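K.L.:
Give me coordinates for this.
(one chain, ligands or ions: 2)
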Amino acid sequence: MNKRKVPLAIVILAAGKGTRMKSEKPKVMHEIAGRPMIGWLIETAESLNPEKIIVVTAPGMDDVAAAAAPHQVAIQETQRGTGDAVKPALPFLKDFNGKVLILLGDEPFLDKNVLEKMIEWNGMSVMAVRPLSPKGLGRMIVNEDGTLDSIVEEKDASEEQKQIRLCNAGNFCVPASHIAKWLDQIQANNAQKEFYLTDIPKIAEKDGYLTYVVETDVQWVWGINTRSELAEHERMAQTRLREKAMMNGATFIDPNTVYLSFDTQIGADTVVEPNVVFGPGVTVSDNVVIHAFSHLEGVRVEKGASVGPFARLRPGTRLEENAKVGNFVEMKNTTLGAGAKVNHLSYIGDSTVGAKTNIGAGTITCNYDGYDKHKTVIGENVFIGSNATLVAPVKLGDGSFVAAASVVTHDVPKDALIVARARQLIKEGWANLYRSRKKK
Ligand code: UD1
Ligand code: MG
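P.N.:
Ligands and ions are numbered 1, 2, ... in the order given. Here you go, the predicted model:
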């Protein structure tokens, strides 16, 4: 890791209740592309090579603390505003000399280059945005020389100040030497009776520190305070993820209908048809086809395999090279061997299926007895007839043959045929007799 010339510490504020989300869940745990928003921000923070990252959270927000690991967690006992929220991080910065970058946990997509510019500035700096809709944001009053005069929160702003388009992005870079002193001087004399971090520039000015304003580009909304802003960020994330996958050589027939997760990996010359959802943990190799309306999560798909349409692949599934999963097939925690096929209407769970095995339409593995899960082990070159029921735990030897509609409850030896169903009974002419009896 490259050491910075001036050491950097990053404080992420994530203790807020997120009242406007109307949720039981802490705001920063709401997900974007399958990952809590704070995860996106921590990744950006880590890319800046800081000495330490401290995440400020509230008592009881254990999920936030877990998402912050292995970084340090500071607890803000009562949520009294962004200015107060930095204080619990101070004990972690006691002997720290350098810059402290303060980031807001509800802004997952910060531009690393803009943060670098803020850190480079020799003094105080603040991030600014000009979003299409400035609703809810603090407005920036800027001096003629481009430095910051002050920030006015929307709730405290006059009608005239509300017309200002330049807004506070919320992130500050503060010299560690002064941070405790300046935070101490913040007062809660405002419309919300909160301690505003945005009061810091005015306080710093008295010590001769002017605040440098670094503007960042935004497409639409800035920060996530409401569900619709969350959806807007999801849209931005999806656009970027699709773009990245296509740059890496995947074909999307209708990109806007394919939903990706933050960690989805798709190989070159793989074709993804419309209306496919990739949950977290999916890796797809080259030359694969994912047909329409398939749903994959926690899955690895090797070269040349084919999935769907209408397939559901759940966590722990692995398709080896050229394996084929067809329509209305659900798989979970199963390895499907090279060239093996499950083409129609099946549930295969907690199983291993050997190479070139063919699983007939409607085959079901009964992996659950109401208490425990059991394994089904199917060898290579096995042929399973339609509508077979495999009651786990059970093993089917290589090359074995299962007659259609069999209920398999015992292990099947290699190359054996198993017929486990009632024998067919034929009564010649019975139907005619039945009909004439009924007519009478
Ligand atoms: C804040 C800024 C506003 C800026 C906007 C940009 C202040 C006073 N206002 O407003 O100028 O335009 O961000 O997005 O800073 N938090 C705590 N403890 C608290 C309060 C908040 O940890 O006591 C955390 C929240 O979890 C959140 C972040 O700080 O992640 C920002 O808080 P939020 O209430 O969303 O501030 P805004 O009203 O958006
Ligand atoms: Mg906010």
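
K.L.:
which residues of this structure score low on pLDDT?
P.N.:
Within the chain, the segments meeting pLDDT under 70 span 1-2.

K.L.:
ok, and the closest non-adjacent residue to the closest residue to ligand 2 within the stretch 301-440 of the chain?
P.N.:
Of all residues in the stretch 301-440 of the chain, residue 315 sits closest to ligand 2, at 33.3 Å by CB to the ion. To be clear about C-beta, it is placed using only N, CA and C from the backbone, and glycine gets the same treatment. In space, and not counting its chain neighbours, residue 315 is closest to residue 298: 3.0 Å by CB to CB, 6 or more residues apart in numbering.

K.L.:
Kindly report the same for residue 254.
P.N.:
With CB to CB, 6+ apart as the criterion, residue 254 has its nearest non-adjacent residue at 4.2 Å, and that residue is residue 274.

K.L.:
That neighbour contacts residue 255, correct?
P.N.:
No - counting by CB atoms under 8 Å, residue 274 does not reach residue 255; the two are 9.1 Å apart.

K.L.:
Of those two, give the one with the bigger neighbour count.
P.N.:
Higher neighbour count among residue 274 and residue 255: residue 255, with 18 against 15, using other CB atoms under 10 Å.

K.L.:
which residues does that one contact?
P.N.:
Going by CB atoms under 8 Å, 6 or more residues apart in numbering, residue 255 touches 242, 246.

K.L.:
heads up, I number from 873, so please use that
P.N.:
Done: numbering now begins at 873, and the last item shifts to residue 1127.

K.L.:
That one and ligand 1, how far apart?
P.N.:
29 Å (CB to the nearest ligand atom, to the nearest Å).

K.L.:
and what of residue 1143?
P.N.:
40 Å.

K.L.:
who's that residue bridged to?
P.N.:
On the basis of DSSP bridges, residue 1143 is bridged to residue 1123, residue 1161.

K.L.:
quick revisit: need the phi and psi values for the residue nearest to residue 1126.
P.N.:
Residue 1146 adopts backbone torsions of phi -60, psi 160, taken as degrees, to the nearest 10.

K.L.:
Distance check, the nearest residue to residue 1246 once chain neighbours are set aside against residue 984.
P.N.:
Excluding the flanking residues, the one nearest residue 1246 by CB to CB, 6+ apart is residue 1264, at 3.6 Å. According to CB to CB, to the nearest Å, residue 1264 and residue 984 sit 49 Å apart.

K.L.:
Now stretch 984-991: buried residues?
P.N.:
Buried residues in stretch 984-991, counted by 16 or more other CB atoms under 10 Å: 986, 987, 989, 990, 991.

K.L.:
wait, stretch 1244-1254
P.N.:
For stretch 1244-1254, burial by neighbour count (16+ other CB under 10 Å) applies to 1246, 1247, 1248, 1249, 1250, 1251, 1252, 1253, 1254.

K.L.:
do stretch 1226-1245 as well
P.N.:
So, applying 16+ other CB under 10 Å, buried residues of stretch 1226-1245: 1226-1239.

K.L.:
Not counting residues beside it along the chain, what's closest to residue 925?
P.N.:
residue 943 (4.1 Å).

K.L.:
Next up, phi/psi of that neighbour, please.
P.N.:
According to degrees, to the nearest 10, residue 943 has phi -80, psi 160.

K.L.:
Could you do residue 925 as well?
P.N.:
Taking degrees, to the nearest 10, you get phi -120, psi 130 for the backbone angles of residue 925.

K.L.:
What's the separation between it and ligand 2?
P.N.:
19 Å (CB to the ion, to the nearest Å).

K.L.:
Can you tell me the SS state at residue 876?
P.N.:
coil (DSSP: H, G, I helix; E, B strand; the rest coil).

K.L.:
Can you report how many residues neighbour residue 1153?
P.N.:
Considering only other CB under 10 Å, residue 1153 is surrounded by 17 other residues.

K.L.:
Surely it is in contact with residue 1137?
P.N.:
No - contact between residue 1153 and residue 1137 fails when scored by CB under 8 Å: they sit 9.7 Å apart.

K.L.:
element containing residue 1112, please.
P.N.:
Taking DSSP states H and E as the definition, residue 1112 sits inside helix 1099-1119.

K.L.:
Check what contacts stretch 1229-1240 and list those residues.
P.N.:
Contacts for stretch 1229-1240 (CB under 8 Å, 6+ apart): 1209, 1212-1223, 1225, 1245-1248, 1250-1264, 1276.

K.L.:
Can you tell me which of those residues end up in strands?
P.N.:
Those of the contacts of stretch 1229-1240 mapping onto strands are 1213-1216, 1219-1221, 1223, 1225, 1248, 1250, 1255-1256, 1261-1263, per DSSP state E.

K.L.:
What is the nearest of those to residue 1055?
P.N.:
Of all these, residue 1055 sits closest to residue 1221, with 54.7 Å by CB to CB.

K.L.:
Let me see the backbone angles for the closest residue to ligand 2 within the stretch 873-1022 of the chain.
P.N.:
Distances between the stretch 873-1022 of the chain and ligand 2 by CB to the ion are smallest at residue 978, namely 4.4 Å. Per-residue torsions, residue 978: phi -100, psi 20 (degrees, to the nearest 10).

K.L.:
list the contacts for it?
P.N.:
By CB under 8 Å, 6+ apart, residue 978 lies in contact with 888, 890, 899, 900, 909, 1095, 1096, 1097.

K.L.:
three-state assignment of the nearest residue to it once chain neighbours are set aside?
P.N.:
Using CB to CB, 6+ apart and skipping residues adjacent in sequence, the residue nearest residue 978 is residue 1096, 4.6 Å away. For residue 1096, the assignment made with three-state DSSP gives coil.

K.L.:
Hmm, residue 1108 and residue 1096 touching each other?
P.N.:
No - assessed by CB under 8 Å, residue 1096 is found out of contact with residue 1108, at 11.0 Å.

K.L.:
The two: which is more packed in?
P.N.:
The residue with more neighbours, out of residue 1096 and residue 1108, is residue 1096; 27 against 17, by other CB under 10 Å.

K.L.:
Could you chop the protein up by domain?
P.N.:
The record's domain parsing of the chain by automatic domain parsing lists 880-1092, 1121-1290.

K.L.:
close to ligand 1, is the first one?
P.N.:
Yes - shown here: domain 880-1092 in contact with ligand 1 (CB under 6 Å from any ligand atom) through 885-888, 899-900, 928, 948, 951-954, 956-957, 976-979, 1009-1010, 1023, 1025, 1039-1042, 1068-1070.

K.L.:
In strands, which of the residues you listed fall?
P.N.:
Going by DSSP E, the strands hold 885, 928, 976, 1023, 1039, 1040, 1041, 1042 from those.

K.L.:
Which pair of these spans the longest distance?
P.N.:
The widest separation within those (CB to CB) is 22.6 Å, between 928 and 1039.

K.L.:
These two - which one has more neighbours?
P.N.:
Remark: of residue 928 and residue 1039, residue 928 carries more neighbours, 27 against 24, as counted by other CB under 10 Å.
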